[in-house]
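Everything below, folded, please.
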Amino acid sequence: LYRHFSSKQELLQEVVFTGLESVTEIMGATEFADVERSLLDIAELAVTNRQIGILVEREARHLSPDAQTRLREATQDIAHRLAAFLATVRPDLDGDTRDLFAWMVLGIAISPSFYQSELSAKEQSRLLAELTARVLTTPSPTGFSTTRRRRPVGLLPHSRREALLQQAIQLFA
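A predicted model of the protein is given here:
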């Protein structure tokens with residue numbers, strides 16, 4: 001391995017991005033004209049590539065800052081593709097709500113990464129497709145917006161401790 005990769009981080013980066021490239025390729029090749037077939041394709045993709053979700057979730061912090069940025073962009077690209085699919089399925093959704101639903105679909109899609117199941121891959125795919133279809137038929141929340149307020153909460157920090165507390169307050173807010 002060390003003849004091909006100079007470090008564990010480089011190996012991790014290769015595994016993560018190779019997996020994400022395959023997901024992006026399959027998502028790009030999916031014809032979204034048939035909604036049920038498309039949902040089943042996404043579910044089958046999730047079941048057959050279940051290792052990617054947990055690998056990204058647990059190990060992405062070990063990637064370099066540039067690789068983390070690339071990972072964030074790749075994930076957002078997948079979510080944007082799902083949002084474009086949702087635009088055809090649910091034209092009643094505005095942009096923010098469509099993005100919310102896309103992230104919900106993505107959450108369902110990566111869920112097999114975090115549990116073991118006695119169901120066959122075909123049964124898991126069918127179940128995931130059914131769950132995703134239920135999300136797609138869910139009424140949209142009223143007044144939902146993804147715009148964030150960027151105003152400081154609390155006082156300006158005078159020490160490192162106060163700066164950390166300030167960040168914690170913003171995260172909790």
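
List the contacts of the helix or strand residue 20 falls within.
Using DSSP states H and E, residue 20 sits in helix 8-29. Applying Cβ atoms under 8 Å, 6 or more residues apart in numbering, the external contacts of helix 8-29 come out as 1, 5, 41-42, 45, 49, 51-52, 55-56, 59-60, 62-64, 67, 70-71, 74-75, 77-78, 81-82. Yep, even glycine has a C-beta here, placed from its N, CA and C like the rest.

Tell me how far it lies from the chain's centre.
Put simply, helix 8-29 sits 14 Å off its chain's centre (Cα atoms, centre = their mean, to the nearest Å).

And for stretch 60-73?
With Cα atoms, centre = their mean, you get 14 Å for stretch 60-73.

repeat for stretch 21-38
15 Å.

what's the first-to-last distance across that stretch?
19 Å (Cα to Cα, to the nearest Å).

Show me what counts as buried in that stretch.
If you call a residue buried by 16 or more other Cβ atoms under 10 Å, then stretch 21-38 has these buried ones: 23, 27, 30, 32, 38.

next one: stretch 69-81
In stretch 69-81, counting by 16+ other Cβ under 10 Å, buried: 70, 71, 74, 75, 78, 81.

can you give me the helices in this protein?
8-29, 35-48, 50-59, 65-89, 95-110, 121-136, 160-172 (DSSP state H).

Residue 143 is nearest to which of the ones you listed?
helix 95-110 (9.9 Å; Cβ to Cβ).

How much space separates residue 104 from residue 111?
11 Å (Cβ to Cβ, to the nearest Å).

Give me the nearest residue to residue 57, chain neighbours excluded.
With sequence-adjacent residues excluded and distances taken as Cβ to Cβ, 6 or more residues apart in numbering, residue 57 is closest to residue 113, at 7.2 Å.

my guess is that neighbour meets residue 51, correct?
Yes. The criterion here is Cβ atoms under 8 Å, and residue 113 meets it with residue 51 at 6.8 Å.

Neighbour count for these two, which is higher?
More neighbours surround residue 113 than the other of residue 113 and residue 51, with 18 against 12 (other Cβ atoms under 10 Å).

Distance check, the more buried one against residue 9.
21 Å.

same check, this time on residue 163
Residue 163 is 28 Å from residue 9, by Cβ to Cβ.

do residue 32 as well
36 Å.

need the contact list for residue 75.
20, 56, 106.

one more time with 6 Å
The contact partners of residue 75, by Cβ atoms under 6 Å, 6 or more residues apart in numbering, come to none.

likewise the one 5 residues further on?
Shown here is residue 80, which makes no contacts under the criterion Cβ under 6 Å, 6+ apart.

Please apply the same query to residue 59.
residue 12.
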